[in-house]
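**Q** Only the shape, not the letters, is given here:
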């Protein structure tokens with residue numbers, strides 16, 4: 001199964017994170033999927049479970065319990081920032097859709 005599915009606006013780009021009783025893949029793995037081509041664009045692996053993902057046209061933000069990762073979609077998912085945070089067990093992210 002899947003724990004998280006986040007779509008980039010009304011595009012075919014979808015972020016997927018495994019979860020549930022029979023996960024499709026690890027909850028520590030984020031897969032960016034092009035639903036129109038039915039193909040994986042990239043996979044990112046993390047040391048702990050991915051709790052939330054937010055997308056805009058330039059960035060992907062991934063929340064772990066104690067960390068945020070910010071990636072650049074336009075440059076082959078280059079990691080721009082890794083930020084330590086206080087405990088965030090629900091993976092709450094506020095993110096501008098415009099920047």
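**A** Yep, it's here. Here the structure is a predicted model, which means the values were calculated and not measured.
**Q** Now for the residue nearest the centre of the chain: which residues touch it?
**A** A centroid search over the chain (CA atoms, centre = their mean) returns residue 53, at 3.8 Å, as the residue closest to the centre. Contacts here follow CB atoms under 8 Å, 6 or more residues apart in numbering; on that basis residue 53 touches 4, 6, 15, 17, 30, 60-63. No exception for glycine: its C-beta is placed from N, CA and C like everyone else's.
**Q** For the helix or strand of the chain with the lowest mean pLDDT, buried residues please.
**A** The helix or strand of the chain with the lowest confidence, counting by mean pLDDT, DSSP states H and E, is strand 2-7 at a mean of 90. Burial within strand 2-7, assessed by neighbour count using 16 or more other CB atoms under 10 Å, is assigned to 4, 6.
**Q** Packing partners of it?
**A** If contacts are counted by 3 or more CB pairs under 8 Å, 6 or more residues apart in numbering; DSSP states H and E, strand 2-7 sits against strand 13-18, strand 52-55.
**Q** shaky segments in the protein?
**A** For the chain, the stretches with pLDDT under 70 are 99.
**Q** so where do the strands sit in the chain?
**A** Assignment of strands within the chain using DSSP state E yields the ranges 2-7, 13-18, 29-34, 39-45, 52-55, 59-63, 67-72, 78-84.
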